[in-house]
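*Asks:* this one's sequence-less:
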């Protein structure tokens, strides 16, 4: 058996076990409603372009409220590329608690890291945090 044949068998078995990645995007509306229903004051926004996934923003209510009430008003934002076939980017807003431990305030998955996506992320983040005056740090 050649390497290429072994790779095809591996990919076929993954397909049988996990299904196609595209099919998971069909569950997105359901998953978003579950997040909002299970976590009070959570905000989940997702956008589709025609029927294709464009971006999603997730802010769990407990995390947002805890940040507003008791954390230093400094957010660290950064993005990292995901290793999926679609080359998406994960953007996150992180805070430090009083013990200087990292605390995930919100995160989003976008098509690519560009100025338009950053502007959208910061705008939705500001709405989610109620117009709080923040210091935002990025690399």
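*Replies:* Looks like it came in fine. Keep in mind that this is a model prediction, so the values were computed, not measured.
*Asks:* Following the least confident helix or strand in the chain by mean pLDDT in sequence, what is the next regular element?
*Replies:* Least confident element among the helices and strands of the chain, by mean pLDDT, DSSP states H and E: helix 21-24 (a mean of 76). Helices and strands here follow DSSP states H and E; after helix 21-24, the next one along the chain is helix 28-38.
*Asks:* For that next one, name the packing helices and strands.
*Replies:* strand 43-49, strand 52-59 (3 or more CB pairs under 8 Å, 6 or more residues apart in numbering; DSSP states H and E). The C-beta positions use only the backbone N, C-alpha and C, and glycine is treated the same way.
*Asks:* which SSE is the most centrally placed residue in the chain in?
*Replies:* Using CA atoms, centre = their mean, the residue of the chain that lies closest to the mean C-alpha position is residue 108, 2.7 Å off. For residue 108, the enclosing helix or strand under DSSP H and E is strand 102-110.
*Asks:* pLDDT on the next helix or strand after that strand, on average?
*Replies:* If you walk from strand 102-110 toward the C-terminus, the next helix or strand you reach (DSSP H and E) is helix 115-128. Per-residue pLDDT over helix 115-128 has a mean of 90.
*Asks:* which residues of this protein score low on pLDDT?
*Replies:* Nowhere does the chain drop to pLDDT under 70.
*Asks:* Identify the bridge partners of residue 53.
*Replies:* Listed by DSSP bridges, the beta-bridge partners for residue 53 are residue 48.
*Asks:* who touches it in this structure?
*Replies:* When contacts are counted by CB atoms under 8 Å, 6 or more residues apart in numbering, residue 53 is found next to 25, 28, 46.
*Asks:* could you check the distance from it over to residue 83?
*Replies:* 17 Å (CB to CB, to the nearest Å).
*Asks:* List the buried residues of whichever helix or strand residue 92 is part of.
*Replies:* Residue 92 belongs to strand 89-96 when elements are defined using DSSP H and E. Burial within strand 89-96, assessed by neighbour count using 16 or more other CB atoms under 10 Å, is assigned to 89, 91-95.
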